[in-house]
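A.B. asks: Need the 3D shape of this:
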Amino acid sequence: MFITMLSLFSFSSMDLNTGNLNIPYADKIIHFVFYLGFGFLGSLCFRERTKGALGLIKTVKIVVISAVAYGIIIEILQYTITTDRMAEFGDVLANVLGAFAGIGLIRWVFSKKNPLKWKF
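C.D. replies: A predicted model of the protein is given here:
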């Protein structure tokens, strides 16, 4: 819900570029970070909802497909229902890369080298 609200909310009335700090591609970085969280937290959510019964590989597939589909839907909604937000392919790419980074992080956290286990 948080990502949806931020993706569809209009920031045109706010001046976000005040001051001396001007970060190039800041919006793409934000997309990447949000979807990294989506991938990581989504995997943990599926794990908890299934009490560890859903395997890591299946969970990863579900979360990646969900994140990519959700990111594309949000970009379509930005194009169709908002007046001052733009749909950009770069946003979709940042979303997908962020989701994969979140999945990579979850796979690393639950790898054989780390003490955390997927199933208790």
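A.B. asks: could you say what helices and strands the host helix or strand of residue 79 packs with?
C.D. replies: Following DSSP states H and E, one finds residue 79 within helix 56-81. Applying 3 or more Cβ pairs under 8 Å, 6 or more residues apart in numbering; DSSP states H and E, one finds that helix 56-81 contacts helix 2-8, helix 26-49, helix 89-109. Every C-beta, even on glycine, is put in place using the N, C-alpha and C of the backbone.
A.B. asks: Could you give the separation of that helix from the chain centroid?
C.D. replies: Relative to the chain's own centre, helix 56-81 is displaced by 8 Å; criterion: Cα atoms, centre = their mean, to the nearest Å.
A.B. asks: Buried residues of that helix, list them for me.
C.D. replies: When burial is assessed from 16 or more other Cβ atoms under 10 Å, helix 56-81 yields the following buried residues: 56, 59-60, 63-64, 67-68, 70-71, 74-75, 78.
A.B. asks: same question, stretch 39-57
C.D. replies: Residues of stretch 39-57 classed as buried under the neighbour-count rule (16+ other Cβ under 10 Å) are 39-40, 42-43, 46-47, 54, 56.
A.B. asks: That stretch spans what distance, first to last residue?
C.D. replies: Start and end residues of stretch 39-57 are separated by 13 Å (Cα to Cα, to the nearest Å).
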